[in-house]
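Trainee: Build me a structure from this.
(one chain, ligands or ions: 1)
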Amino acid sequence: MDPERPPVRYPVGRPVLGEEEAEAARRVVASGWLSQGPEVEAFEADLASILGVPPPRVVAVSSGTAALHLALAALGVGPGDEVILPSLTFRATSDAVRQAGATPVHAEIASPLDPTLDPAEVGRLATRRTRAVIAVHYAGYPCPMAELVAATRPRGLALVEDAAHAPGARLDGAALGTLGEAGCLSFYANKNLTCGEGGAVVMRGEAAAERARRLRSHGATSTAWDRATGRLEASPPVGAGFNYRLSEVHAAIGRVQSRRLAGFNERRARIDALYRERLARPGGIELPFPEPRGLPAYHLRPVLLPPWAHRGRVRSRLREEGIETAVHFSPLHGPEVPLPRTEAYALRELSLPLHPALADEDVEVICEALEGAIRESTDVRGNVQA
Ligand SMILES: Cc1ncc(COP(=O)(O)O)c(C=O)c1O
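Mentor: Residues are numbered from 1 along each chain as shown. Model (predicted):
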C-alpha cells in the first residue's frame, strides 16, 4: 500500500458478509463434500424462487462470464454468427461472444439519461448472420424489454439478458433475467448477491436449460454427487462441454446471501434516493435514469459530471479524501464504428460509492466532496478519459 495515500473510507462497492455466511462455509468444509452437490442444487432452487421460475431452468456456474458463454452455447450461437450488444458494458459481455466463436457487434445506448441498449439498433445492425442480442441491465436498471422483444422476435433472434447488475430487479411483474431466452447473473464480490465468484444462467426453455446443465460439466448427464449418492449411474457424455461448475462452499455462501438480497436491495434503493435528492441541487451534475422502468436493483449510482469538469482531477481529489469512484465503462467499440452517444456518456460518467453498508450520513459527505472536487477541477477545460 502507498503510505502517502489515505486509506479508502468509502469504497465504490463492498460485500456485506457476516457470521451466517462464515457458518455456511464451515458447515460445507466439515461435510467433506466440496465440489458441486446438494448446496449447489439448493442454491439453484433459492434462485429459482427469487426469479419465479421452476428450479430446473436455473443452472449455477462459476462466474457471470461463464453464465454468458454457457447461455450462448446452449442457444447454439457459434462461429460465423454475429451478436449485437451495447458497447457500454463490461468486457465480459463481449468476451463471452468471442468465446462462443461468434463476432460481437457493438451498439448504441438510447440516451445519456437512459444508457441502456437502444432497441432501434437491432434493426440498424442486424444482418443475415445475426443470431442473438444481449441486453445489459446497466447499473441494475431494466432495459426496455418489451421493445427489445418486439425488435428481436420477428427476426428470429435470441434475446439474452446480461443481468449481472440486476438480481432482484423486476419489470412488468417479472424478474429481470426471465424476460429473454436466457438470463445471466454474476455473484462476483462487488455484486448485489455475492459468493466471491459465481454466476447463474436462467433459460426460458426446458431443453435449453438441460443443454446448459450438461455443457456446464463436460457434456456429462450425471454429476459426481448423483453417482456418489446412487441417484444416477455414470453414462457417456453427450458431446463436449466446459467445466463451469460452482463449488459447494460458494453455493452455501450464496444461499445465505440470497435470503438477504431483498433487504440489501431495499437499503441500496434508500441510499440511491438520498443521492438523487442531494444531487438535484443545481451544479451541472446529471443523474441517469430519472424515471427508471420497473424496480431497479440499484447496483451502481452513475452520475454525469458537468461537461467542463476534469474527471481525472475530480477522481484524484476524491481519492485523497478516501472516496473511491469508478468509471462504468470504457466503451468496447473501436474507432472504425463511431457510437457518439456512448462516447459522450462514457466521457462524463462517474460511479459513486453505493452498497448496503453505507450510512445515510455518508451520502452528504460524498456529495459535498464531489461538488468541491468539481469546482476545483474547473481551471482546466475539456475532459479526459480516466
Ligand atoms: C455487465 C457485466 N456482465 C458480466 C460480468 C461478468 O461477471 P463475472 O465477473 O462474475 O464473470 C460483469 C462483471 O462485473 C458485468 O459487470
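Trainee: And the helices in the chain, which stretches?
Mentor: 19-31, 38-51, 64-74, 91-99, 120-125, 145-152, 206-216, 224-228, 248-279, 311-320, 340-348, 360-377 (DSSP state H).
Trainee: Of those helices, flag the one that's most buried.
Mentor: Compared across the helices of the chain, helix 64-74 shows the largest average neighbour count, a mean of 27 (mean count of other CB atoms under 10 Å). The way it works is simple: take the backbone N, C-alpha and C, and place the C-beta from them, glycine included.
Trainee: Let me see the mean pLDDT of it.
Mentor: Across helix 64-74, the average pLDDT comes to 98.
Trainee: partner residues bridging the closest residue to Val337 other than its chain neighbours?
Mentor: Of all residues not flanking Val337 in the chain, His106 sits nearest, at 6.4 Å (CB to CB, 6 or more residues apart in numbering). Beta-bridge partners for His106, by DSSP bridges, are Leu85.
Trainee: surely His106 meets Leu85?
Mentor: Yes. Between His106 and Leu85 there is a contact at 6.7 Å, judged by CB atoms under 8 Å.
Trainee: residues contacting Ala369?
Mentor: Arg317, Leu318, Glu321, Ile323 (CB atoms under 8 Å, 6 or more residues apart in numbering).
Trainee: rerun that using 10 Å as the cut-off
Mentor: Counting by CB atoms under 10 Å, 6 or more residues apart in numbering, Ala369 touches Tyr10, Val314, Arg317, Leu318, Glu320, Glu321, Gly322, Ile323.
Trainee: Closest to the ligand out of those?
Mentor: Distance to the ligand, by CB to the nearest ligand atom, is smallest for Tyr10 among the contacts of Ala369, at 19.8 Å.
Trainee: does that closest one really touch Ile366, like I thought?
Mentor: Yes. Using CB atoms under 10 Å, Tyr10 makes contact with Ile366 at a distance of 6.0 Å.
Trainee: Hmm, Glu39 and Val249 touching each other?
Mentor: Yes. Using CB under 10 Å, Val249 makes contact with Glu39 at a distance of 8.0 Å.
Trainee: so what's in contact with the two at the same time?
Mentor: With CB under 10 Å, 6+ apart as the test, Val249 and Glu39 both reach Ala24, Arg27, Val28.
Trainee: Which single residue of this protein ends up nearest the ligand?
Mentor: Gly64 (2.5 Å).
Trainee: Name the nearest residue to that residue, sequence neighbours excluded.
Mentor: Using CB to CB, 6+ apart, the nearest residue to Gly64 is Ser186, at 2.6 Å.
Trainee: and what of Glu364?
Mentor: Arg278 (6.6 Å).
Trainee: Just the closest of the shared contacts of Val249 and Glu39 to Pro296, please.
Mentor: Using CB to CB, Ala24 comes nearest to Pro296 of the shared contacts of Val249 and Glu39, at 27.9 Å.
Trainee: who in the stretch 101-250 of the chain is up against the ligand?
Mentor: Contacts of the stretch 101-250 of the chain with the ligand, taken as CB under 6 Å from any ligand atom, map to Val136, Asp162, Ala164, His165, Ser186, Tyr188, Gly199.
Trainee: What about the first one, how many residues nearby?
Mentor: Right, the one you point to is Val136. Applying other CB atoms under 10 Å, we find 26 residues neighbouring Val136.
Trainee: got it, and the second one?
Mentor: Asp162 is flanked by 32 other residues according to other CB under 10 Å.
Trainee: List the contacts of Leu125.
Mentor: So Leu125 contacts Glu82, Ile84, Leu85, Val105, His106, Ala107, Glu108, Val133, Val337 (CB under 10 Å, 6+ apart).
Trainee: Out of those residues, who's the most crowded?
Mentor: Val133 (30 neighbours).
Trainee: Got the confidence number for the residue lying closest to it once chain neighbours are set aside?
Mentor: Spatially, and ignoring its direct neighbours in sequence, Val133 is nearest to Ile84 (4.6 Å; CB to CB, 6+ apart). With respect to pLDDT, Ile84 scores 98.
Trainee: shaky segments in the stretch 1-150 of the chain?
Mentor: For the stretch 1-150 of the chain, the stretches with pLDDT under 70 are 1-3.
Trainee: make it 90
Mentor: Low-confidence segments of the stretch 1-150 of the chain, defined by pLDDT under 90: 1-6.
Trainee: Same question for the stretch 201-350 of the chain.
Mentor: Ranges of the stretch 201-350 of the chain meeting pLDDT under 90: 219-226, 228, 230-240, 281-283, 335, 337.
Trainee: how about a cut-off of 50?
Mentor: Within the stretch 201-350 of the chain, not a single segment meets pLDDT under 50.
Trainee: What values do phi and psi take at Ala189?
Mentor: phi -60, psi -30 (degrees, to the nearest 10).
Trainee: and it, what does it touch?
Mentor: Counted by CB under 10 Å, 6+ apart, Ala189 has contacts Gly13, Arg14, Pro15, Leu17, Cys195, Gly196, Glu197, Gly198.
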